[in-house]
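S.K.: Sequence and predicted structure are below.
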Amino acid sequence: MKKIASFTIDHLRLLRGVYVSRRDVTPSGDIITTFDIRLTEPNRQPALSPEALHAMEHLAATYLRNNPEWKDKIVYWGPMGCCTGNYLLMQGKLTPSDIIPLLKDTFSFIADFAGEIPGATPKDCGNYSFNDLPAAKKAASVFLNEVLLNIRPENMTYPD
C-alpha cells in the first residue's frame, strides 16, 4: 500500500505555519493547491478543541468565500482530524507567500469577530451547538500575532 505523503512529514519538528501539503491536477487540467495551516506544533503544544476548530471553520469559510479578490479560487477550508490546524484548498499553483496577506485578513476577521457564528443554527449546521467562539478567537489571535505577522521561511517549508 502506498504511503500517504502527509504521513511522511516529521511532525516532531513541524512548526506552526503555512505549508503546501500537495498539488493535484483535476481532469480538466486545473491545479488545486492544498495548504496545511498549522496552528499548533504537533505533539508539543496542545491541540485545539474540536469546538474551537468548528467555529473557526464557519468563520474562515464565510470570510474566504466572500473575499472579493480570492472567492473564486477557494475550494475548501476545514479542520484537520488531529486538531492541530486546518486545510485550505485553492485553485491555482500557489505558494504560502502568495496567500499570507489573505490569511492575515482571515485570522484578523476571526480574532475580531463579534456576533452570531454564520451558519450555526439547527437549520444550517449538523452540529450547530458544537462551537466555541471565544477559543476560536483566541487561537486565531495567537496564530496571527505569533506566526502570520512575523512569518519566516521555516514557517512555510516542511522540515526535511
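M.R.: Great, that's in hand.
S.K.: what separates the residue positioned nearest the centre of the chain from Pro68, distance-wise?
M.R.: Of all residues in the chain, the one closest to the mean position by CA atoms, centre = their mean is Asn86, 3.4 Å from it. Look at Asn86 and Pro68: by CB to CB, to the nearest Å, they are 22 Å apart. For every residue, glycine as well, the C-beta is placed using N, CA and C.
S.K.: which residues touch the residue nearest to the centre of the chain?
M.R.: The contact partners of Asn86, by CB atoms under 8 Å, 6 or more residues apart in numbering, come to Ile37, Leu39, Leu53, Met56, Glu57, Ala60, Trp77, Gly78, Pro79, Met80.
S.K.: Which of those ranks first by neighbour count?
M.R.: Counting by other CB atoms under 10 Å, Met56 has the largest number of neighbours within these, with 32 neighbours.
S.K.: Which residue comes closest to Met156 once chain neighbours are left out?
M.R.: In space, and not counting its chain neighbours, Met156 is closest to Pro96: 3.9 Å by CB to CB, 6 or more residues apart in numbering.
S.K.: From His58, how far out is the one you found?
M.R.: Using CB to CB, we find Pro96 at a distance of 24 Å from His58.
S.K.: what do you get for Ile31?
M.R.: Using CB to CB, Ile31 is found at 27 Å from His58.
S.K.: mind listing the helices for the protein?
M.R.: Assigned by DSSP state H, the helices in the chain fall at 50-66, 96-112, 133-146.
S.K.: Out of these, which is the most enclosed?
M.R.: For these, the largest average neighbour count (mean count of other CB atoms under 10 Å) is found in helix 50-66, namely a mean of 21.
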